[in-house]
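J.: One predicted model, sequence on top.
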Amino acid sequence: MGGKVENALYLVNGGIYLHIADSGDRFDYTIYDKETMRQIYHGQLDVSTVCEQPAQGIFNAARYAVFEDYGINAFTVEKVPLDMLQKLKNIQLDPPLDEYPRPDYGCTMADIACMGYLKGDLLPVADDIAKDLSQKGFRIYEVDAHGNVKGPVDVNSSYHNLFAVSRAGWQNSRGFREAVADRMKHQTERELTFLCQSQDCFAIYQLNHHDPDLRYIRYESLESLQKQGQRPQRGNYELVYTAPLPEGTGLNTLWTRFNTDHPPDYQHPSMSVSDVIAVKKNGTITSYYVDQSSFAILDDFLAQPPRQAELGKPSIKRQLSAKPVPGDHPAKPRDKEAR
């Protein structure tokens with residue numbers, strides 16, 4: 001005890017991160033779901049158990065022991081640089097951003113990846129959830145221990161290893177749409193989650209589409225607003241989406257993604273002029289106004305208070321009467337990525 005701990009990190013079946021730590025007298029292993037990067041299991045193995053495995057090299061033997069202990073049918077195994085390990089550990093400290101709404105939050109893609117099913121077109125569900133979804137008209141599939149799919153099946157008579165529904169069918173369902181819509185009821189909590197993240201991430205704000213007054217400034221350029229002595233006001237905006245920021249992703253990439261290839265759980269208008277993108281990178285948050293052919297930095301957007309429910313709402317002219325604050329930057333060419 002107390003000696004140096006050796007570590008190894010693997011990506012298994014494209015859906016599971018497996019971390020193995022050799023502390024001398026035992027092996028600790030942790031399994032993370034690749035999709036959410038959240039920990040789903042932590043276990044320990046005795047050295048004697050690992051040494052029983054017919055594999056060369058201590059970490060190879062430990063890996064096989066984990067597969068047997070947890071019940072993983074490993075088809076593909078890739079070694080991952082250990083700098084990813086610290087990222088995984090950091091994310092465990094963060095509350096989740098807007099997550100893809102799953103039909104069963106007790107199951108993750110790691111569960112189906114463990115069975116050896118390597119496609120992403122099925123979403124795993126527990127028995128009781130499968131029965132409920134079947135009654136609602138969903139087709140239920142069964143994945144066996146070798147990654148083979150059978151179905152549709154009768155959930156009441158099937159002897160299964162794991163039930164699943166099609167991702168496409170789930171995304172077209174009322175339950176999926178309601179789960180996405182429910183986010184909009186939690187503006188304060190979701191914004192606080194974004195602000196508190198330790199990982200790089202981004203948030204998209206759009207003018208409140210339920211306020212008819214705001215149609216006068218929707219799609220307006222920043223220059224047009226400033227000529228009228230106005231500026232973007234946080235109280236006029238809703239937080240519509242938050243997500244981790246993949247490494248190397250800049251504003252142009254986000255613009256393209258939210259115009260031509262929306263994430264399935266993004267149920268809002270395409271990104272356009274008058275939207276605001278807040279990017280958190282290396283602990284620093286920068287807000288950008290989506291302008292005509294550019295992104296303009298907004299120094300105090302998130303420092304402004306969000307809209308509060310009130311009986312006598314001030315007019316749009318009064319809400320936007322403040323002039324641009326000192327330090328507002330001119331528009332930057334859109335081909336400049338976020339740094």
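T.: Happy to help now that I have it. All figures in this text were calculated on a predicted structure; none of them were measured in a lab.

J.: The lengthiest helix in the chain: what's the following helix or strand?
T.: Scanning the chain for the helix with the most residues, using DSSP state H, yields helix 58-70. Downstream of helix 58-70, the first helix or strand assigned by DSSP states H and E is strand 77-79.

J.: Would you mind measuring from residue 214 to residue 130?
T.: Distance from residue 214 to residue 130, counting by Cβ to Cβ, to the nearest Å: 44 Å. In short, each C-beta sits where N, CA and C put it, glycine included.

J.: cool, residue 228 as well?
T.: From residue 228 over to residue 130 the distance is 57 Å, taken as Cβ to Cβ.

J.: Looking at these two, which one has more neighbours?
T.: Between residue 228 and residue 130, residue 130 has the larger neighbour count (other Cβ atoms under 10 Å), namely 26 against 14.

J.: where are the low-confidence patches of the stretch 151-300 of the chain?
T.: Along the stretch 151-300 of the chain, the model assigns pLDDT under 70 to residues 158-160.

J.: Helices of that one, residue ranges please.
T.: 167-171, 174-182, 187-195, 222-227, 251-260 (DSSP state H, counting those that start in this stretch).

J.: helices or strands up against the first one?
T.: When you say that, I think you mean helix 167-171. Here helix 167-171 touches strand 122-125, going by 3 or more Cβ pairs under 8 Å, 6 or more residues apart in numbering; DSSP states H and E.

J.: Was I right to think residue 46 contacts residue 28?
T.: No - contact between residue 46 and residue 28 fails when scored by Cβ atoms under 8 Å: they sit 11.4 Å apart.

J.: Alpha carbons of stretch 17-35, in PDB - could you do that?
T.: Extracted in PDB, the C-alpha atoms of stretch 17-35 (Å, rounded to 0.1, in the frame of the first residue of the first chain):
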ATOM      1  CA  TYR A  17     -14.500   4.100 -21.200                       C
ATOM      2  CA  LEU A  18     -12.800   1.600 -18.900                       C
ATOM      3  CA  HIS A  19     -10.200   2.900 -16.400                       C
ATOM      4  CA  ILE A  20      -8.000   0.400 -14.600                       C
ATOM      5  CA  ALA A  21      -5.700   1.300 -11.700                       C
ATOM      6  CA  ASP A  22      -3.100  -1.100 -10.400                       C
ATOM      7  CA  SER A  23      -2.400  -0.200  -6.700                       C
ATOM      8  CA  GLY A  24      -0.200  -3.200  -6.100                       C
ATOM      9  CA  ASP A  25      -2.500  -5.400  -4.000                       C
ATOM     10  CA  ARG A  26      -5.700  -4.900  -6.000                       C
ATOM     11  CA  PHE A  27      -7.100  -3.500  -9.200                       C
ATOM     12  CA  ASP A  28      -9.700  -0.800  -9.200                       C
ATOM     13  CA  TYR A  29     -11.800  -0.300 -12.300                       C
ATOM     14  CA  THR A  30     -14.300   2.400 -13.300                       C
ATOM     15  CA  ILE A  31     -16.600   2.300 -16.200                       C
ATOM     16  CA  TYR A  32     -17.900   5.500 -17.900                       C
ATOM     17  CA  ASP A  33     -20.600   6.000 -20.500                       C
ATOM     18  CA  LYS A  34     -18.900   7.500 -23.500                       C
ATOM     19  CA  GLU A  35     -22.000   9.400 -24.600                       C
END
